[in-house]
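> after the sequence you'll find the predicted model.
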Amino acid sequence: MNPDSIAALHQCLDMLVDDGALPGGVIAYGTRDSRPEFAASGVVAPECGGARPGPDTLYDAASLTKVLATWPLIGLADGLTVDTPVRELLPDVPNGAPGGRVTVGQILAHTSGLRADTRLDQYRGRTEPLAALICGEPLISEPGAGHRYINRGFILLGLALAHVHGRRLDELATDLWQSLGMTRTTYGPVGRSPEVAPTEQRLAGGPRLWGIPHDDNATLLGGVAGHAGVFTTPADLATFGPGSSPRTPSTRASARGCAPA
């Protein structure tokens, strides 16, 4: 990072705000060996008055959930490899289900061949376990044959992590984030406040989504899923970005049953 590149970051963010592409935003920048610095511009959102965004503003991380929660938790899970088929991790998946032979590695690499559209709403009224429904769908391609971005596999991994550890996915993720010093990162929903950035206005004249996941499928799962649902701050993303060595999340059974700008 040099003065010219830093100035360019500030200028780019200011241009996006001035052009109305976003109400405001934050950029974390720096090097692996230095403390992060932050560029900010605009406001958190019109709903938040004149509140300015900063390192501790909470944003819907959307698909970064895959990177912030599911990926590292899979890497830390004992007895699980990239070659493990999901049917070995999810007992609800019947033998012979097309998606049951998809491996962890194929899901992580988006080469699973699972159905591409997520559309969990189509399962309303069904009584089968979600893993059985997802894996029971016909594959759209041979697993490992080609890349296609698919959320359904990460939903399966979130379910598998909860089953393997005997704990909720959000509890496992919270342990991970706390071990990394990511104290503000959390699964939603979160309370509305000027420190939380709203996302999309779905209906003209209506309120924007605020404090709940922008992803409809994550919302259908109660806000906790392997593909979306996490809220985080620029400061926590800067902590996560350089990499660190998290402690393995506890596997003891629990007593409790818009992308970042």
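Yep, it's here.
> C-alpha only now, for contacts and for neighbours.
OK.
> skipping adjacent residues, who's closest to the residue nearest the centre of the chain in space?
By Cα atoms, centre = their mean, the chain has its centre lying nearest to residue 65, at 1.3 Å. Ranked by Cα to Cα, 6 or more residues apart in numbering and with sequence neighbours excluded, the top spatial neighbour of residue 65 is residue 228, at 4.9 Å.
> equivalent analysis for residue 169, please.
For residue 169, the closest residue by Cα to Cα, 6+ apart turns out to be residue 162, at 5.2 Å.
> swap in residue 236?
In space, and not counting its chain neighbours, residue 236 is closest to residue 182: 5.0 Å by Cα to Cα, 6+ apart.
> circling back: list the buried residues of the helix or strand the residue nearest to residue 169 falls within.
Counting by DSSP states H and E, the element that carries residue 162 is helix 152-165. If you call a residue buried by 16 or more other Cα atoms under 10 Å, then helix 152-165 has these buried ones: 152-162, 165.
> do the same with stretch 15-29
Residues of stretch 15-29 classed as buried: 16-17, 22-29 (neighbour count, 16+ other Cα under 10 Å).
> so which of these belong to strands?
Using DSSP state E, 24-29 are the members of the buried residues of stretch 15-29 that sit in strands.
> quick revisit: closest to residue 2 among the buried residues of helix 152-165?
residue 154 (37.9 Å; Cα to Cα).
> distance of the closest one relative to residue 144?
16 Å (Cα to Cα, to the nearest Å).
> distance between the ends of stretch 69-89?
Stretch 69-89 stretches 18 Å from its first residue to its last (Cα to Cα).
> could you tell me how far it lies from the centre of the chain?
How far stretch 69-89 lies from its chain's middle: 17 Å, per Cα atoms, centre = their mean, to the nearest Å.
> same question for stretch 230-237.
On Cα atoms, centre = their mean, the centre of stretch 230-237 falls 11 Å from the chain's centre.
> same question for stretch 145-152.
When distances are taken as Cα atoms, centre = their mean, stretch 145-152 is centred 16 Å away from the chain's centroid.
> dump the C-alpha coordinates for that stretch into PDB.
The C-alpha coordinates for stretch 145-152 follow below in PDB (Å, rounded to 0.1, in the frame of the first residue of the first chain):
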ATOM      1  CA  ALA A 145     -17.400 -32.600 -14.000                       C
ATOM      2  CA  GLY A 146     -17.700 -28.800 -14.100                       C
ATOM      3  CA  HIS A 147     -18.000 -25.700 -12.100                       C
ATOM      4  CA  ARG A 148     -21.300 -24.100 -11.300                       C
ATOM      5  CA  TYR A 149     -22.000 -21.900  -8.300                       C
ATOM      6  CA  ILE A 150     -24.500 -23.700  -6.100                       C
ATOM      7  CA  ASN A 151     -25.800 -22.800  -2.700                       C
ATOM      8  CA  ARG A 152     -27.500 -26.100  -2.000                       C
END
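> please point out which parts of that stretch sit buried.
Neighbour-count burial for stretch 145-152, counted by 16+ other Cα under 10 Å, picks out 149-152.
> now, among those residues, which is nearest to residue 236?
Scanning these for proximity to residue 236, where the rule is Cα to Cα, the winner is residue 151, at 23.7 Å.
> how about the nearest residue in space to residue 195 that is not next to it in sequence, what does it touch?
Distances taken as Cα to Cα, 6+ apart put residue 57 closest to residue 195, at 5.0 Å, once the chain neighbours are dropped. Residues in contact with residue 57 (Cα atoms under 8 Å, 6 or more residues apart in numbering) are 44, 195-197, 232-234.
> run the last query once more with 7 Å
Each residue near residue 57 by Cα atoms under 7 Å, 6 or more residues apart in numbering is listed here: 195-196, 233.
> what's the burial count for the residue nearest to residue 65?
Using other Cα atoms under 10 Å, residue 228 has 31 neighbouring residues.
> helix, strand, or coil at it?
Taking DSSP: H, G, I helix; E, B strand; the rest coil as the rule, one finds residue 228 in the coil state.
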